[in-house]
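Chemist: build me a structure from this.
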Amino acid sequence: MIRKNIVGKRYGRLVVTKELGNGYVVCHCDCGNDKKIRKWSLMQGGIHSCGCLRKEVAPKRYDVRVLSANGTNLSILASNKIRSSNTSGVRGVHWDKSRGKWIGGVKIKGVDKKKRFEKFEDAVEYRKMLEELYVEPLLEKDQINIKEKKQIVPDKELRDAREKACVTRQTVHDRTGLSIVSLQQWENGYQHPTAVVRNLLLSWYRAGCPVLPALGIADDKPDGDYLIRLEQFKEENENAGQ
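Modeler: Down below sits the predicted model:
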């Protein structure tokens with residue numbers, strides 16, 4: 001449990017105004033709204049606003065028309081509505097009667113990305129992972145580094161490795177302690193990890209993304225000890241192979 005008092009601290013657009021206990025705090029957003037938020041999610045960088053930020057980066061009608069013409073129906077992908085014919089309760093996930101498996105997927109730029117899974121949860125995970133890698137970047141308006149005036153280049157190798165492993169950012173965080181926001185920024189090219197961290201993460205992806213044993217989390221290190229955990233994992237793997 002995190003016992004550190006964070007009242008008065010700012011996280012993105014949110015300022016913590018009250019500790020509620022049981023892992024929750026009340027935050028005041030710059031837009032004027034107050035919201036109850038899980039404390040750990042706030043500290044590890046997974047939440048930046050009350051929800052207003054997401055609305056602001058939603059595509060305009062013109063953007064939707066342009067991108068939809070390229071084989072990506074952005075208006076549907078940006079919507080939270082579930083079709084009446086959907087029986088799974090999750091967008092992009094359905095049951096394949098002919099093969100007796102769950103299918104998760106999405107259509108991006110005219111290409112169907114989909115896989116079959118024995119478990120419903122795995123299909124949902126795959127769909128969510130595809131949204132993070134392919135849909136979210138399309139919904140972001142600012143793809144240019146304003147200071148340096150150059151196009152931001154996503155880390156293709158890092159993104160491809162996570163896609164092959166079929167894990168969401170939340171799963172990566174749960175199993176390693178790595179910040180969700182850090183991973184997002186690394187993959188999309190807004191920030192770059194050190195070569196050591198990047199190689200450790202790639203090694204972990206390619207090994208099947210096992211759950212790493214927790215080594216403790218400090219108040220001044222909200223990302224936890226993911227680097228130590230990844231280093232130990234790689235060392236144990238290398239020793240096992242000898």
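Chemist: contacts, neighbours, all on C-alpha from now
Modeler: OK.
Chemist: surely Ser88 and Trp95 touch.
Modeler: Yes - the pair Ser88 / Trp95 is scored as a contact, 7.5 Å apart, by C-alpha atoms under 8 Å.
Chemist: higher neighbour count, those two?
Modeler: Neighbours were counted for Ser88 and for Trp95 using other C-alpha atoms under 10 Å; Trp95 has more, 18 against 14.
Chemist: got the contact list for the residue nearest to the spatial centre of the chain?
Modeler: By C-alpha atoms, centre = their mean, the chain has its centre lying nearest to Arg169, at 3.7 Å. Counting by C-alpha atoms under 8 Å, 6 or more residues apart in numbering, Arg169 makes contact with 129, 132, 180, 183-184.
Chemist: same check, this time on Trp102
Modeler: Contact analysis of Trp102 by C-alpha under 8 Å, 6+ apart lists 93-96, 116-120, 123.
Chemist: restricted to strands, list these.
Modeler: Judged by DSSP state E, the contacts of Trp102 include 93-96, 116-117 as members of strands.
Chemist: out of the residues you listed, who's the most crowded?
Modeler: Val93 (26 neighbours).
Chemist: how many residues are close by the closest residue to that one other than its chain neighbours?
Modeler: Excluding its sequence neighbours, the residue lying closest to Val93 (C-alpha to C-alpha, 6 or more residues apart in numbering) is Gly104, at 4.5 Å. Neighbourhood size, Gly104 [other C-alpha under 10 Å]: 26.
Chemist: buried set for the helix ranked longest in the chain?
Modeler: The single longest helix within the chain, with elements called by DSSP state H, is helix 226-240. Neighbour-count burial for helix 226-240, with 16 or more other C-alpha atoms under 10 Å as criterion, is recorded at 226-227, 229-231, 233-234.
Chemist: likewise stretch 106-119?
Modeler: Neighbour counts over stretch 106-119 (16+ other C-alpha under 10 Å) mark 106-108, 114-117 as buried.
Chemist: for this structure, which segments count as strands?
Modeler: Under the criterion DSSP E, strands of the chain are mapped to 10-11, 14-21, 24-29, 34-38, 93-96, 101-108, 111-117, 144-145, 150-151.
Chemist: and the ones you listed as JSON lines, adding distance to Thr194 and mean pLDDT?
Modeler: Shown next, in JSON lines, are these (distance: least, C-alpha to C-alpha, whole Å; pLDDT from 0 to 100):
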{"stretch": "strand 10-11", "distance to Thr194": "24", "mean pLDDT": "87"}
{"stretch": "strand 14-21", "distance to Thr194": "29", "mean pLDDT": "89"}
{"stretch": "strand 24-29", "distance to Thr194": "33", "mean pLDDT": "91"}
{"stretch": "strand 34-38", "distance to Thr194": "30", "mean pLDDT": "88"}
{"stretch": "strand 93-96", "distance to Thr194": "36", "mean pLDDT": "90"}
{"stretch": "strand 101-108", "distance to Thr194": "31", "mean pLDDT": "87"}
{"stretch": "strand 111-117", "distance to Thr194": "31", "mean pLDDT": "87"}
{"stretch": "strand 144-145", "distance to Thr194": "20", "mean pLDDT": "48"}
{"stretch": "strand 150-151", "distance to Thr194": "21", "mean pLDDT": "62"}
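Chemist: quick one: closest of those to Glu238.
Modeler: Of all the strands of the chain, strand 111-117 sits nearest to Glu238, with 30.5 Å by C-alpha to C-alpha.
Chemist: that concludes my questions; thank you for your assistance.
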